[in-house]
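[1] Task: produce atomic coordinates for the following.
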Amino acid sequence: MPRRARLSVPGIPWHIIQRGNNRSACFYTDGDYSLYLHHLKELSAKFGCAIHAYALMTNHVHLLLTPEKEDSVALLMKHLGQRYVQYVNRTYRRSGTLWEGRFRSCLTQAEDYVLACYRYIELNPVRAGMVRHPREYPWSSYRANAEGHSNALIQPHDIYKRLGRSAASRREAYRMLVEARLEDEVLDKIRAATNGNYVLGTTRFQEEIGHKLGRRVIKGEAGRPAKGAIRENP
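    Got it, this is the predicted structure:
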């Protein structure tokens, strides 16, 4: 069965998850995390991807970014993956794949879900029981987005910028959002959309993207499609 073509629309944010093969570790030392971020900064600039949030976990990576072109994300993830795998295999004298097949992703409606994805990503170390507060985890964007730590990789999304008139007020508003945590329903929606390569947003937004791409962008229901429904291209 052919795999589903990835959804891609320039200018619309993506939430991305890339896991280690068989969920095994893909980072072993602080130097590994630092090198990954170095390559991410260089290649995101090269291929036109604005990075808004990230969390590098022991065995997977979360990214929130906005691409300039239709192929920006594909090129970024391809070259980033290749560079990092070559480094790991050379450094640890291993061979073979490091990542679990294709990375998983979803297009994200900015107005309703971008800040939810910010929080989902940066709270991941807390949900995993690794730290009590996201500021304690060094390999995420929380300190930049919430506390103003210098991070040349991060480019705030316009929705984040609307949190306040000044950088300080934006950070304060964002910290309050993080403290409020996320509802289970929102967590489930983010996970389902990302794992399924669907669109995360309102029904109207999903319909707009579906018509723009000419294909189904949400999970289909079992049974015969309704009359007039957009069929997914093979």
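
[2] now the helix or strand harbouring residue 145, how far from the centre of its chain.
    Element membership of residue 145 [criterion: DSSP states H and E] is helix 142-147. Centroid separation for helix 142-147 versus its chain: 17 Å, with Cα atoms, centre = their mean, to the nearest Å.

[3] what does stretch 65-79 give?
    12 Å.

[4] ok, which stretches of this structure are helices?
    30-47, 72-91, 110-122, 124-127, 142-147, 158-161, 167-179, 184-196, 203-213 (DSSP state H).

[5] before we move on, back to that, name the residues of the helix holding residue 145 that are buried.
    By neighbour count on 16 or more other Cβ atoms under 10 Å, the buried set for helix 142-147 is 142-146. Heads up, the C-betas are built off the backbone N, CA and C, glycines and all.

[6] just the residues you listed now: which is nearest residue 112?
    residue 145 (18.6 Å; Cβ to Cβ).

[7] Only the buried residues of stretch 87-101, if you could.
    Those would be 87-88, 98-100, for stretch 87-101 by 16+ other Cβ under 10 Å.

[8] Please read the previous query as pertaining to stretch 201-215.
    Along stretch 201-215, these residues count as buried under the neighbour rule (16+ other Cβ under 10 Å): 201, 205-206, 208-210, 213, 215.

[9] swap in stretch 150-159?
    Going by neighbour count (16+ other Cβ under 10 Å), the buried part of stretch 150-159 is 153-154, 156-157, 159.

[10] hey, C-alpha coordinates of the helix holding residue 145 in CSV?
    What follows is helix 142-147, C-alpha atoms only, in CSV (Å, rounded to 0.1, in the frame of the first residue of the first chain):
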residue,chain,number,x,y,z
TYR,A,142,11.6,27.1,26.7
ARG,A,143,14.3,29.3,28.2
ALA,A,144,14.3,31.4,25.0
ASN,A,145,10.6,31.7,24.6
ALA,A,146,9.6,32.1,28.2
GLU,A,147,12.7,33.7,29.9
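
[11] Need the mean per-residue confidence for it.
    Mean per-residue pLDDT for helix 142-147: 98.

[12] ok so, going back, comparing the helices of the chain, which gets the lowest mean pLDDT score?
    Looking at those, the bottom one is helix 203-213 with a mean of 89.

[13] what angle do that helix and helix 110-122 make?
    Here helix 203-213 runs at an angle of 100 degrees relative to helix 110-122 (axes from the mean of the first three to the mean of the last three Cα atoms, to 10 degrees).
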